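Visitor: give the three-dimensional model of this entry:
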Amino acid sequence: MARGQPHLEHLLRRAGFGASPEELNAFERMSNSQVLEYLLDVNGQPDDVDARIGDPAHIGVPLRGPDSMETNIEDARQRWLFRLLHSRRPLQEKMALFWHNHFATAYSKVAGFAGAVQATKMMALKAGGRVPGPQGQLELFRQRGLGRFRELLADVARDPAMLVWLDNRTNTRQRPQENFAREVMELFTLGIGRYTEEDVYAAARVFTGWNLRLVGRGGEASGYYEFFYNAAQHETREKTFTFAVSPGGSRTIPARSAAEGMQDGIDFLNALARHPETARRLAGKLWNFFVSEVHPPDPEFVNAAASIYLQRDTDVGAVVQFILGSRWFQSPVYWYTRYAWPAEFVVRSLKEVGWNGFSADTARSWVAAMGQTLFEPPDVNGWDTGPGWFSTGAMLARMNFAAALARDQQFNLAVDAAGARTSPESLIGFFMERLSPPPYDREPYEGLVEYLRAGATWPAADAQLRAKASGLARLMVGSSEYQFI
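Guide: This next block holds a predicted model:
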């Protein structure tokens, strides 16, 4: 199937990671609304992607052992890139990436406490397999990413990696730990300026006893860390805030017995999740993620998305469904106004150019060179997205990746482009469909034509076509235009 359905391609770039020619063929007979329904119906699509690792029709994944994707962080990164490229549930992976940045948690600190094996399990373990332990944080994002935010938030608060990352594993009634208490308000829900230091201290006391314990031996794959509510370490007195923490409007969480004290945290997290400022803040972040980073959030959009979020009991899936069907998302004004994250850029390039002979491990290295090491955001704020991705070194890495990928795929590209060998303009037209960049302005377009004409005769002979097709793919994927999705 030739490209030429811009609304569909826009949807697949934003709600997924672009589409290969084969994937476009699968959507050929579907309307845009049917494709949207397919993407949103995550549980209706098979989650069989891990079983396809090793299939020769997919990108290669050179592993260090049968369980290494659960116990070695580099192999866990390969698995995630494989899933981004081949999952039948692209929106699920897209939201997992969004939440990974929102609840930014770095493997390195977790490993400093628990060791490499346990840290990998805390970040990426897929429960139910041969390696014991609770599911990793990434699996939590997959399962809860399109569900109710209040449930996701409560699970994140009990997540072993988060308990290490923000030090809540050390939160006791004698010495309340404030790190998670602060960030759950500042970064995960309300935002800066919407809480006080008194709120931080009260919130720290709410989570006293939300700790961590080791089951088995920590240095071995058979051992694991799990959440543990330590009632003996819970501070039982009432906690008062500057904002309502109960549906009735009370600002006080009442005193409870130690045995019942875990409910303090659940009540507080529910209050944060249902707060109107949380609704508006998430609406703004989802605007930047799905609609535009070039245009500021439209107040009408923010109000509408926040209203749906609150009316539907913090249902993120309902908000995402609204966004993807909204006039803002569908308007060409907002197409190509979101800067591609390194993982998005690499996966889209592989889908559109090809991955034959490429490996997920090589892709992992390129993503890191561009400034995004998966499972390793730089700090609690996550990555500096938008134009922040584009340092001189990061852009050079993108251009070098484009060159390496185009060189690797040169024979396949020449075969696919054989029908466009008649003229430079014909070859550019082929790659405009193959790669789906935004329309080029006159000057860069003429630069591409000039490159193809230099030292060549047209129609192109086989060797010339191979060289020029590869070179054109390199220039287009490495161009500034292709960095937008």
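Visitor: and for residue 374, nearest residue in space, chain neighbours not counted?
Guide: Spatial nearest neighbour of residue 374, chain neighbours left out: residue 77 (4.8 Å); criterion: C-beta to C-beta, 6 or more residues apart in numbering. Using the backbone N, CA and C atoms, a C-beta is placed for each residue, glycine as well.
Visitor: how close does the one you found sit to residue 265?
Guide: 32 Å (C-beta to C-beta, to the nearest Å).
Visitor: these two: who's more crowded?
Guide: Between residue 77 and residue 265, residue 77 has the larger neighbour count (other C-beta atoms under 10 Å), namely 27 against 23.
Visitor: wait, the more buried one touches residue 364, no?
Guide: Yes - in this structure, residue 77 is within contact of residue 364 by C-beta atoms under 8 Å, at 4.8 Å.
Visitor: I'd like the distance between residue 314 and residue 328.
Guide: Residue 314 is 22 Å from residue 328, by C-beta to C-beta.
Visitor: cool, residue 373 as well?
Guide: 32 Å.
Visitor: before we move on, what SS does residue 213 have?
Guide: strand (DSSP: H, G, I helix; E, B strand; the rest coil).
Visitor: check the secondary structure at the nearest residue to it once chain neighbours are set aside for me.
Guide: Leaving aside its sequence neighbours, residue 213 sits nearest to residue 228 (C-beta to C-beta, 6+ apart; 4.1 Å). Put simply, residue 228 is strand when judged by three-state DSSP.
Visitor: thinking residue 228 is in contact with residue 212, fair?
Guide: Yes - at 6.1 Å, residue 228 counts as touching residue 212 under the criterion of C-beta under 8 Å.
Visitor: those two: which has the busier surroundings?
Guide: Shown here are residue 228 and residue 212; by other C-beta under 10 Å, residue 212 has more neighbours (23 against 18).
Visitor: phi and psi next, for the spatially closest residue to the more buried one that is not a sequence neighbour.
Guide: If the residues on either side of it in the chain are set aside, residue 212 comes closest to residue 169, at 4.0 Å by C-beta to C-beta, 6+ apart. Main-chain dihedrals, residue 169, degrees, to the nearest 10: phi -60, psi -20.
Visitor: dump the residue contacts of residue 169.
Guide: The contact partners of residue 169, taken as C-beta atoms under 8 Å, 6 or more residues apart in numbering, are 163, 211, 212.
Visitor: could you chop this protein up by domain?
Guide: 11-277, 278-334, 342-483 (automatic domain parsing).
Visitor: now render those domains as TSV, adding mean pLDDT and distance to residue 5.
Guide: Output for the domains of the chain, formatted as TSV (pLDDT from 0 to 100; distance: least, C-beta to C-beta, whole Å):
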stretch	mean pLDDT	distance to residue 5
domain 11-277	96	8
domain 278-334	98	13
domain 342-483	97	10
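Visitor: run through the bridge partners of residue 213.
Guide: Applying DSSP bridges to residue 213 gives these bridge partners: residue 226.
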